[in-house]
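Peer 1: Provide a 3D model corresponding to the input given below.
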Amino acid sequence: MKEKKSTVTFNELPDTITPLEYADWRGIGENKAREIFNSKGFPRIKGTGVKQVADKRAVLLFELGLQEEDKTEVLKEMARQII
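Peer 2: The predicted structure follows:
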């Protein structure tokens, strides 16, 4: 199977992403992206009905596979940079 090339960088993504934007960033097909979005533990934003969206920072932490205490530290640093 031919690997798809990523078309956007993390910084180019909007703050909330859809499976299509996730697919473009990770260089995967849209079907695979939707499968990942529906997987257990994926940080989808709840209460959006059928629309699948996720915060890009939460997705990055999910991708990195960080433990809870590490996630907390990374999120604190992100917050410091935003403020």
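
Peer 1: okay, now the unreliable bits of this structure?
Peer 2: Where the chain drops to pLDDT under 70, the residues are 1-3.

Peer 1: in this protein, which residue is most central in space?
Peer 2: V59 (2.7 Å; CA atoms, centre = their mean).

Peer 1: so it, which state does it fall into?
Peer 2: helix (DSSP: H, G, I helix; E, B strand; the rest coil).

Peer 1: so it touches Y22, yeah?
Peer 2: Yes: contact criterion CB atoms under 8 Å: V59 and Y22 qualify, at 6.8 Å. Heads up, the C-betas are built off the backbone N, CA and C, glycines and all.

Peer 1: the strands in this structure, which residues?
Peer 2: 16-17, 54-55 (DSSP state E).

Peer 1: pretty sure T18 is touching V50, no?
Peer 2: No: taking CB under 8 Å as the definition, T18 is not a contact partner of V50, at 11.8 Å.

Peer 1: for T18, see how far away G29 is.
Peer 2: Between G29 and T18 the distance is 14 Å, computed by CB to CB, to the nearest Å.

Peer 1: neighbour count winner among the two?
Peer 2: Between G29 and T18, T18 has the larger neighbour count (other CB atoms under 10 Å), namely 17 against 12.
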